[in-house]
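Asker: task: produce atomic coordinates for the following.
(one chain, ligands or ions: 1)
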Amino acid sequence: MVPTGCQPVKDESATISGPVQVDLRSPFAIGPVSIPTRLVLAPMAGVSVQAFRRQGRRFGAGLVCSEMVSCAGLHNGNERTLGYLTISSDEQPLAVQIFGADPGVMAEAGRMVEAAGANLVDINFGCPVRKVTKTGAGATLLDDPDRACRIVSAVAGAVSVPVTVKMRRGLEDGSRACLDVGPRLVEAGAAALTLHPRSARQMYTGWADHSLTAELVDRVDVPVIASGDVTSRASAQTVLATTGAAAVMVGRAAQGNPWALREILDGGTSEPSREEVVAELLLFVRETVRELGEQRATGFLKKFYGWYLGRGRFPKPFKQELVQLGSVEEVERRLLAAAPGAVEVLERIEAEQPVAEETLLEDMPISIYGGG
Ligand SMILES: Cc1cc2nc3c(=O)[nH]c(=O)nc-3n(C[C@H](O)[C@H](O)[C@H](O)COP(=O)(O)O)c2cc1C
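Answerer: Coordinates of the predicted model:
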């Protein structure tokens, strides 16, 4: 069934009198789910932990996404995979993304994701990484539209929340597969499509060709979200005005840089003070330690030090120093020594942060995640 109430936001006037600015702070809807802004934080494996998503919401993302979660891992009750289903109330609306190649197992994963409190179930038909594609999942499914449709139909039939799909343009450079597959996925039950118009072969090289996004918008009657190379308010406005997409998705530009989200939404300068940078990083570190445990978080966080402290914000050797420290406690101490004023900024952020309730796995019916 194709969910109703999801009108694409097509800017017809753009073709008549030049591009018209889209209000990034206006809401849009995916089925019954209202998304408060036109800015979506991208799912990124190894990045989109809860701290990243909550921060994204605070900085104005209308929708945040989990990284891709293996449906086989959920099916087998893998503890780490189940950990991805911990959702906090202040992240919502939230999409949890699943990947896999078996419609039945994907449907089961969709049910678990819905039970965990996700507002949308997103399906990954975009991952170009061999480890995933060799199992028949991710971007490979763009070459097997029948199976892709069976997956969408099975998941949409298993859950009551909207099901969405994120895809690439196709497998090979120059492919236009997304334009044929997209409408079929909508017929199968997708309530929105996100297009990252690079080929799987391209990985992250070259540019996202958003002329394909515009063509896709013309071919479907559900919202299309444009992903790829949106890094500033100017690029967001251009993509929205020239494609008719309902929203833009931002990925790499937001890594260690939530201020980019604010700049995209409101304009103005995106450069934070050193105290703000350290305060956000400290909060990020603490929340990530809480989510992953100190041992896992220590390695996970290393790439974030460069992302936060780079961009000319701190001298390069400072990042190197943090990466080499053995404990998170030492990292915190060094950060605070570099910007003592961060304490007050952090207190203010924490005071403003909504009190969040977490959907804990313990609250889920055992039959749903027990895998048996
Ligand atoms: C480190 C990294 C991990 C990613 N992981 C995922 C993922 O789990 N699922 C997905 O659909 N896309 C994933 N992507 C793709 C992004 O969601 C996005 O489509 C892509 O980075 C283009 O947007 P950008 O130019 O704003 O970064 C990932 C990208 C990066 C850089």
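Asker: what count of nearby residues applies to the closest residue to the ligand within the stretch 251-372 of the chain?
Answerer: Nearest residue of the stretch 251-372 of the chain to the ligand: Gly251, at 2.8 Å (CB to the nearest ligand atom). To be clear about C-beta, it is placed using only N, CA and C from the backbone, and glycine gets the same treatment. Look at Gly251: counted by other CB atoms under 10 Å, it has 21 neighbours.
Asker: measure it to Glu215 for me?
Answerer: In this view, Gly251 and Glu215 are 22 Å apart by CB to CB, to the nearest Å.
Asker: off-centre distance for the longest helix along the chain?
Answerer: When every helix of the chain is counted residue by residue (DSSP state H), the longest turns out to be helix 274-292. Its chain's C-alpha centre lies 19 Å from the corresponding centre of helix 274-292 when counted by CA atoms, centre = their mean, to the nearest Å.
Asker: same question for stretch 21-39.
Answerer: For stretch 21-39, the distance to the chain centre is 15 Å (CA atoms, centre = their mean).
Asker: can you check stretch 191-200 too?
Answerer: Worked out by CA atoms, centre = their mean, stretch 191-200 lies 13 Å from the chain centre.
Asker: who in this protein is up against the ligand?
Answerer: 42-47, 67-68, 97, 124, 126-127, 166, 196, 227-230, 250-253 (CB under 6 Å from any ligand atom).
Asker: can you say which of these are buried?
Answerer: Listed as buried from these are 42-44, 47, 67-68, 97, 124, 126-127, 166, 196, 227-230, 250-253; burial here means 16 or more other CB atoms under 10 Å.
Asker: where in the protein is pLDDT low?
Answerer: Scanning the chain with the threshold set as pLDDT under 70 gives 1-20, 358-372.
Asker: most residues in a single strand of it, which one?
Answerer: The strand that spans the most residues within the chain, counting by DSSP state E, is strand 190-199.
Asker: ok, that one: who's next to it in the sheet?
Answerer: strand 163-170 (parallel), strand 224-227 (parallel) (DSSP bridges).
Asker: contacts for the shortest one next, please.
Answerer: Defining contact as CB atoms under 8 Å, 6 or more residues apart in numbering, one finds that strand 224-227 is touched by 8, 40, 42, 166, 192-196, 208, 210, 213, 216-217, 239-240, 243-249, 251.
Asker: out of those residues, name the ones that lie in helices.
Answerer: Among the contacts of strand 224-227, the members falling in helices (DSSP H) are 210, 213, 216-217, 239-240, 243.
Asker: tabulate the residues you listed (JSON lines), appending neighbour count.
Answerer: Shown next, in JSON lines, are the ones in helices among the contacts of strand 224-227 (neighbours: other CB atoms under 10 Å):
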{"residue": "His210", "neighbour count": "24"}
{"residue": "Thr213", "neighbour count": "29"}
{"residue": "Leu216", "neighbour count": "27"}
{"residue": "Val217", "neighbour count": "24"}
{"residue": "Val239", "neighbour count": "24"}
{"residue": "Leu240", "neighbour count": "27"}
{"residue": "Thr243", "neighbour count": "25"}
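Asker: the helices in the stretch 1-150 of the chain, which residues?
Answerer: Listed in chain order, the helices of the stretch 1-150 of the chain (DSSP state H, counting those that start in this stretch) span 13-17, 50-58, 71-75, 79-83, 103-115, 130-133, 145-158.
Asker: quick one, which of those is nearest to Gln202?
Answerer: helix 130-133 (13.8 Å; CB to CB).
Asker: so how far is the closest one off the chain centroid?
Answerer: On CA atoms, centre = their mean, the centre of helix 130-133 falls 20 Å from that of its chain.
Asker: going forward, count from 41.
Answerer: I'll keep to 41 as the first residue from here, and by that count the last item is helix 170-173.
Asker: buried residues, it. List them.
Answerer: 172-173.
Asker: still on that earlier bit, tabulate the helices of the stretch 41-190 of the chain (TSV), appending distance to Leu365.
Answerer: Converted to TSV, the helices of the stretch 41-190 of the chain look like this (distance: least, CB to CB, whole Å):
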stretch	distance to Leu365
helix 53-57	51
helix 90-98	19
helix 111-115	31
helix 119-123	25
helix 143-155	36
helix 170-173	31
helix 185-198	43
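Asker: surely Arg302 meets Ser310?
Answerer: Yes - counting by CB atoms under 8 Å, Arg302 touches Ser310, with 6.5 Å between them.
Asker: which residues does Leu252 contact?
Answerer: 209, 216, 218-219, 235, 237.
Asker: among these, which two are most distant?
Answerer: Arg216 and Leu235 (11.4 Å).
Asker: what's the overlap in contacts for those two?
Answerer: Here Arg216 and Leu235 have 209, 252 as joint contacts, going by CB under 8 Å, 6+ apart.
Asker: more neighbours: these two, which one.
Answerer: For Arg216 versus Leu235, neighbours defined as other CB under 10 Å are more numerous around Leu235 (30 against 14).
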